[in-house]
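Colleague: Prediction below, plus the sequence it came from.
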There are 2 protein chains.
Amino acid sequence: MIGFLGGTGPQGRGLGLRFALAGYSVMLGSRSAERAEAQAAGIKILARGADVRGGANEEVAAESEVCFIALPYEGQRPTLESLTGQLEGKLVVNCVNALALDGGPHLLNVEAGSSAEECRQLLPGARVTAAFHTVSAPKLLDPDSALEGDVPVCGDDPADREAVVRLANVIGGLRGVHAGPLRHSRTLEAMTALIISINTLYRTSAGVRFTGIDGEDNRADGS
Amino acid sequence: MIGFLGGTGPQGRGLGLRFALAGYSVMLGSRSAERAEAQAAGIKILARGADVRGGANEEVAAESEVCFIALPYEGQRPTLESLTGQLEGKLVVNCVNALALDGGPHLLNVEAGSSAEECRQLLPGARVTAAFHTVSAPKLLDPDSALEGDVPVCGDDPADREAVVRLANVIGGLRGVHAGPLRHSRTLEAMTALIISINTLYRTSAGVRFTGIDGEDNRADGS
């Protein structure tokens, strides 16, 4: 089961919908179980009756095999501090952007370096990766909208990174790309600010794609 | 004339070659005029006899209409401090990456925020933009190598940014993209580190392309 902490926000619901449509069981978490259940019911309809449930964040963390962190940045620390036990040993995908939008989108100053690196500090027993920052939530939430773009994945363990690359690949139109250690996750978060800036200038929903890695002969070996 | 400070490095020579092939007069600058002339002679041959000259950085700064800063980061401050007069009022394109490669590619801590923002502090009278960070220098230097990718352009003045977007568009295979104010230039520099990381993992020369801005109906209005 793929769980989403903060799963009632647009990014969590959108990714949850797409994984449900790809055949995964999905659970959306929120501080309020009732609110999560209501949002999950809506996503379940969009996902044509697939297995989408809602629950409190603690329940989602405990039941998840893979746990996405889709919280607003300011909610990350208080939420994760109480879930270290539930997430011990689990594969965690952080897609939190530590951004402010006042005066134009820009990174917040995060002492750990990035929201994903802060997440790793908060969950020392979990296998923390960073991905899915730049995928457009409105497009994810519209099942008729064709997605197009790459999902750069950062993580210090190549096997964990590979698992997340494969998860990205199950969503039609997206491609997972190994992007190196978690240290680069701040760049993934900054790219979201850049894309918001491009979206404003071009009145679009831009995504990112890396050129030059299309061939069969240069696949990452995960090392 | 398009000038390149630090034009004898791979990025300066590569961009100079491509602009010369596109019909522009180009001048490569170096601390040593002799060294610049020797490198320019080599690029002139690759550019099939186009107008490529070499000279001391001061001479290049004085003669340029558009001046690219292609210096290594550590050379930026000492070089630019002596060229404020020559560059007064000119369009400057900073493609310097403030990166270190030890222990994996990563951004240096730059007090101004980015090398382009530092450049703006050093040249208060110039019109500073940031672009061309992520274009592969080896590909630029091989006239038979097809380029493919976007050139995000940052700058606070939309008209200056538009001028650099158009410059990117004259190089076959590249497309200039408005990416907002100079504040985002740190992200462009960080993306170079990310792409170096991807290049290592995939044994390739990756570039970046933005999806979702292909249509005619959503061109940036430059505002």
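Modeller: Structure received.
Colleague: Please report how far residue A:7 lies from chain B.
Modeller: Between residue A:7 and chain B the distance is 25 Å, computed by CB to the nearest CB, to the nearest Å. The C-beta positions use only the backbone N, C-alpha and C, and glycine is treated the same way.
Colleague: repeat for residue A:117
Modeller: 13 Å.
Colleague: Please tell me the pLDDT value assigned to the most centrally placed residue in chain A.
Modeller: By CA atoms, centre = their mean, chain A has its centre lying nearest to residue A:95, at 3.5 Å. Looking at residue A:95, its pLDDT is 97.
Colleague: Tell me who's in contact with it.
Modeller: The contact partners of residue A:95, taken as CB atoms under 8 Å, 6 or more residues apart in numbering or on different chains, are A:11, A:15, A:68, A:69, A:70, A:130, A:131, A:132, A:133.
Colleague: Okay, and which of these map to helices?
Modeller: Among these, the members falling in helices (DSSP state H) are A:11, A:15.
Colleague: Can you tell me the closest non-neighbouring residue to the residue nearest to the centre of chain A?
Modeller: Nearest non-adjacent residue to residue A:95, counting by CB to CB, 6 or more residues apart in numbering or on different chains: residue A:132, 4.1 Å away.
Colleague: Quick check on the residue nearest to residue A:84 when sequence neighbours are not counted: phi, psi?
Modeller: Of all residues not flanking residue A:84 in the chain, residue A:123 sits nearest, at 5.8 Å (CB to CB, 6+ apart). Torsion angles at residue A:123 (phi, psi; degrees, to the nearest 10) stand at phi -120, psi 70.
Colleague: which one's the longest helix in chain A?
Modeller: Chain A, longest helix under DSSP H: helix A:185-202.
Colleague: okay, how far is it across stretch A:113-133, tip to tip?
Modeller: The first and final residues of stretch A:113-133 sit 16 Å from each other (CA to CA, to the nearest Å).
Colleague: so how far is it from its chain's centroid?
Modeller: Stretch A:113-133 sits 11 Å away from the centroid of its parent chain (CA atoms, centre = their mean, to the nearest Å).
Colleague: Can you list the buried residues in that stretch?
Modeller: For stretch A:113-133, the buried set under the neighbour-count rule, 16 or more other CB atoms under 10 Å in any protein chain shown, comprises A:113-120, A:122-123, A:126-133.
Colleague: next one: stretch A:7-18
Modeller: Those would be A:7, A:8, A:9, A:11, A:12, A:13, A:14, A:15, A:16, A:17, A:18, for stretch A:7-18 by 16+ other CB under 10 Å.
Colleague: Please identify which of those is nearest to residue B:29.
Modeller: Nearest to residue B:29, judged by CB to CB, of the buried residues of stretch A:7-18 is residue A:11 at 46.7 Å.
Colleague: Could you report the neighbour count for residue A:28?
Modeller: 36 (other CB atoms under 10 Å in any protein chain shown).
Colleague: Please apply the same query to residue A:48.
Modeller: 9.
Colleague: I figured it hits residue A:21, correct?
Modeller: Yes. The pair residue A:48 / residue A:21 is scored as a contact, 7.5 Å apart, by CB atoms under 8 Å.
Colleague: joint contacts of those two?
Modeller: With CB under 8 Å, 6+ apart, residue A:48 and residue A:21 have no common neighbours.
Colleague: Give the helix, strand or coil label for residue A:23.
Modeller: Recorded secondary structure, residue A:23: coil (DSSP: H, G, I helix; E, B strand; the rest coil).
Colleague: sorry, back to before: what pLDDT does the model give the residue nearest to residue A:84?
Modeller: At residue A:123, pLDDT is 98.
Colleague: Provide a list of residue ranges in chain A with pLDDT below threshold.
Modeller: A:215-223 (pLDDT under 70).
Colleague: where do the helices sit along it?
Modeller: Taking DSSP H as the criterion, chain A carries its helices at A:10-21, A:33-46, A:57-63, A:73-81, A:84-87, A:115-122, A:137-141, A:158-169, A:185-202.
Colleague: Output the contacting helices and strands for the last one.
Modeller: It refers to helix A:185-202. Using 3 or more CB pairs under 8 Å, 6 or more residues apart in numbering or on different chains; DSSP states H and E as the contact test, the elements touching helix A:185-202 are strand A:99-100, strand A:106-107, helix A:115-122, strand A:127-130, strand A:149-155, strand A:207-211, strand B:174-178, helix B:185-202.
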